[in-house]
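Engineer: Give me the fold of what follows.
(2 chains)
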Amino acid sequence: MTRRGLSLGKKLVLAAPYVWIVAFLLAPMLFILKISLSHSVLARPPYAPTFSLEDGLASLWGKAQTLSLDAWRALLDDPLYLEAYGSSLAIAAVATALTLLIAYPFALAMARAPQRLRPLLIGFAVAPFWTSFLIRVYAWTLLLKDEGLINHALMALHVIAAPLPMFATTGAVVVGIIYSYLPFMLLPLYAALEGQDPTLREAAADLGASPREVFFRVTLPLSRDGVVAGCLLVFIPAVGEFVIPDLLGGSGVLMIGRALWNDFFANHDWPAASAMAMALLAALMIPLLYYERSRQKSEAQR
Amino acid sequence: MTLLRVENLRKSYGAVMALDDVSLDVEEGEFFALLGPSGCGKTTLMRAVAGFETPDAGRIALAGGDLQGVPPWRRPVNMMFQSYALFPHLDVAANIGFGLRQQGKPRDEIAQRVAALLELIQLPEHGARRISALSGGQRQRVALARALAPGPRLLLLDEPLGALDKKLREETQFQLKDIQRRTKTGFVIVTHDQDEALALADRIAVMRAGRIEQIGSPTEIYERPATRFVAGFVGDTNMIDGCIENGGFAAPFGRIALGICALPDGATASLSLRPERIHLGAEGLSGVVEDFTFRGETTLARIDVGAGHMLRASLPPGARVARGEAVRLVVAADAGVLFAKPAP
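Structural biologist: Numbers count the residues shown, from 1 in each chain, chains lettered A, B, ... in the order given. Take a look at the predicted model:
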């Protein structure tokens, strides 16, 4: 029996993910790419040219020639965009690093907890998902505002005389990101740590490693896949985050998600917004590709 | 000189006594085996020596120094784990060098020692390999080299050959013995495999239910087992119940002469008779060959000696028997080992 002839059913099953990716990822991306090459007009839709099925070949060619890289040039010319990218990447990077530092001890404690407690602890870790993301972020305004809970408490305790300016700062955005994305860091870390063979730690201790050294020479390096996965799961959405900077950041905090929203909804400049989205995607593909490559490398070693 | 001294060690898990007043000495450069069925406490004893279990009572001393309260990472004892526990994120050389790096040895000294150990375990070209790229036998040897690298006074080996197939196991037994002789390290091996213990060890401690039944050389253990359990656990035997009559052993199916009899007449006793000590002859116990299996170097026959008793006899390769054949069994006077049996 040859293995080459797959049955129709198997072919369909294999095709399903590809169809999904083409229809819901690749095709929309091509639309956005096309819009980014168009120019802005006061019409509906607010860009030109628009291609339609009724166009003849000649008119298609004529329209295609009006496509330009203007929106992309503007992206490079206007320092606002570059600043937005820079500050988005910086905020996301700082927030990711802090999330990792906070989540790691949590994940470690969960992984080393008695077996029967672990499902409960995982339940606690994902419990925030039972409330709307928007409400949870909005709740932070109540904590961080000048007349908010934290300032109230500190002033009542006479720790501070005047309210600390926490709301509408970069710090508030970082706190919001850490809070919102903690479970996404926690779960891959937990999975990586929980799967570790405890005899490896005993072996390291037997060979002269103190508990601290066991952590840095065995536990941490063996959880690398979980660290990488968790960081990507936090970093990538955090870069393009819109809700958190919008609710907690105030007008001073520049992030790419808000710049995008502004161009799209306030300025009706769809080509500029599309170009920005494509550039963001390209910037995020780099860490993703790096992750994929390192994953494949470690898989090959296995 | 005594390398390891274990005195009156006790450890229990809830109601289960894992170690019940265990004492033993291991000499410098000795190959010592802890032998027993699973759950007999041998692994608990080993882990207590390595520092992974805290005994409830008793004392463990290494070369005179008390190990009480000394954490595993400060004990001059290394362990080879049953699962090998090799670090998957490090290559072979880094695995072997782990303990040396931990000791703060300079880089080139580590490299030298690792190269020498790779030579010793006959894997000189494998230093840069990943653990996942090694076969089971190679992993076993890397685990041994890693445990030997820091130069421990005492090496503990937890079922070191358990995961190997039969042929490889035999080959590795010789290697292990050779390495032990060359490194002059004290080896304590934990095993449930009596053949392994007999083949490897200078002395064996047979354990059962948290207690030591007997400590002795392989020949002592095999030929002069101290208890019924040891006789049954180490090697194959026929255990016959009977009583003492006129300085001989009266079995339900006949009389077996005894050389020296320490028990008084009329005492109930058990006689352990190894299959290879039963020979075919012209006179003696009469029986009928029930069946036999060819085992290469010997033929194991089951012989019906009457009164519902079946004796196993290991016959030399030339012996020809047929099923249903009437035979006579010769048992030398010193062939059996007698155990007193408490009156029921």
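Engineer: now A:Val239, nearest residue through space, not along the chain?
Structural biologist: A:Ala92 (4.3 Å; Cβ to Cβ, 6 or more residues apart in numbering or on different chains). C-beta: built from backbone N, CA, C; applies to glycine.
Engineer: Report the contact partners of that neighbour.
Structural biologist: Contacts for A:Ala92 were tallied using Cβ atoms under 8 Å, 6 or more residues apart in numbering or on different chains; they are A:177, A:234-235, A:238-239, A:241.
Engineer: which ones among these are found in helices?
Structural biologist: Secondary structure from DSSP state H places A:177, A:234-235, A:238-239 of the contacts of A:Ala92 in helices.
Engineer: Touching, B:Val327 and B:Val288? I think so.
Structural biologist: Yes: B:Val327 is in contact with B:Val288 according to Cβ atoms under 8 Å; the separation is 7.3 Å.
Engineer: So for B:Lys336, what's the pLDDT?
Structural biologist: Slight slip there: residue B:336 is Gly, not Lys. Predicted confidence (pLDDT) for B:Gly336: 85.
Engineer: My read is that B:Glu245 contacts B:Arg255, right?
Structural biologist: Yes: taking Cβ under 8 Å as the definition, B:Glu245 is a contact partner of B:Arg255 at 7.3 Å.
Engineer: ok, and the closest non-adjacent residue to the residue in the stretch 151-300 of chain B that chain A sits nearest to?
Structural biologist: The stretch 151-300 of chain B approaches chain A most closely through B:Leu156 (8.7 Å), counting by Cβ to the nearest Cβ. Once flanking residues are discounted, B:Leu156 sits nearest to B:Met79: 4.3 Å by Cβ to Cβ, 6+ apart.
Engineer: could you say what helices and strands the strand or helix carrying that neighbour packs with?
Structural biologist: Here B:Met79 sits within strand B:77-80, counting by DSSP states H and E. Counting contacts by 3 or more Cβ pairs under 8 Å, 6 or more residues apart in numbering or on different chains; DSSP states H and E, strand B:77-80 packs against helix A:198-206, helix B:42-50, helix B:136-148, strand B:154-158.
Engineer: Name every strand pairing with that strand and say which way it goes.
Structural biologist: Note on strand B:77-80: by DSSP bridges, its sheet partners are strand B:154-158 (parallel).
Engineer: Packing partners of the one helix or strand A:Leu30 maps to?
Structural biologist: Assigned by DSSP H and E, A:Leu30 belongs to helix A:27-36. Applying 3+ Cβ pairs under 8 Å, 6+ apart, we find helix A:27-36 packed against helix A:270-301.
Engineer: hang on, the earlier thing: when you filter the ones in helices among the contacts of A:Ala92 down to buried only, what's left?
Structural biologist: Buried subset of those (neighbour count, 16 or more other Cβ atoms under 10 Å in any protein chain shown): A:177, A:234-235, A:238-239.
Engineer: Could you give the number of residues near the residue nearest to B:Gln138 when sequence neighbours are not counted?
Structural biologist: Leaving aside its sequence neighbours, B:Gln138 sits nearest to B:Leu123 (Cβ to Cβ, 6+ apart; 6.1 Å). When counting by other Cβ atoms under 10 Å in any protein chain shown, one arrives at 19 neighbours for B:Leu123.
Engineer: same question, A:Ser88
Structural biologist: Applying other Cβ under 10 Å, I find that A:Ser88 has 24 neighbouring residues.
Engineer: Wait, it touches A:Phe242, no?
Structural biologist: No: under the criterion of Cβ under 8 Å, A:Ser88 is not in contact with A:Phe242, lying 10.5 Å apart.
Engineer: who touches both of the two?
Structural biologist: A:255, A:257.
Engineer: Quick check: neighbours shared by B:Val327 and B:Val288?
Structural biologist: With Cβ under 8 Å, 6+ apart as the test, B:Val327 and B:Val288 both reach B:Ile303.
Engineer: Looking only at neighbour counts, state which of these two leads.
Structural biologist: Shown here are B:Val327 and B:Val288; by other Cβ under 10 Å, B:Val327 has more neighbours (20 against 13).
Engineer: show me what contacts the more buried one?
Structural biologist: Counted by Cβ under 8 Å, 6+ apart, B:Val327 has contacts B:280, B:286-289, B:303, B:321.
Engineer: Mark which of the residues you listed are buried, thanks.
Structural biologist: Buried, going by 16+ other Cβ under 10 Å: B:280, B:287, B:289, B:303, B:321, out of these.
Engineer: filter those residues down to the ones near chain A?
Structural biologist: With respect to chain A, and counting by Cβ under 8 Å from any Cβ of the partner chain, no part of the buried ones among the contacts of B:Val327 is in contact.
Engineer: Of those, which belong to strands?
Structural biologist: Counting by DSSP state E, the buried ones among the contacts of B:Val327 place B:280, B:287, B:289, B:303 in strands.
Engineer: The second one contacts B:Arg302, doesn't it?
Structural biologist: No: with contacts defined as Cβ under 8 Å, B:Gly287 does not count as touching B:Arg302, sitting 9.6 Å away.
Engineer: list residues touching both of the two?
Structural biologist: Joint contacts of B:Gly287 and B:Arg302 (Cβ under 8 Å, 6+ apart) are B:Leu311.
Engineer: where does B:Glu53 land in three-state SS?
Structural biologist: Three-state call for B:Glu53 (DSSP: H, G, I helix; E, B strand; the rest coil): coil.
Engineer: Excluding chain neighbours, what is closest to A:Ser251?
Structural biologist: Per Cβ to Cβ, 6+ apart, closest to A:Ser251 is A:Ala168, 7.5 Å.
Engineer: any idea which helix or strand carries the one you found?
Structural biologist: Following DSSP H and E, one finds A:Ala168 outside all helices and strands.
Engineer: Would you mind measuring from it to A:Gly86?
Structural biologist: 20 Å (Cβ to Cβ, to the nearest Å).
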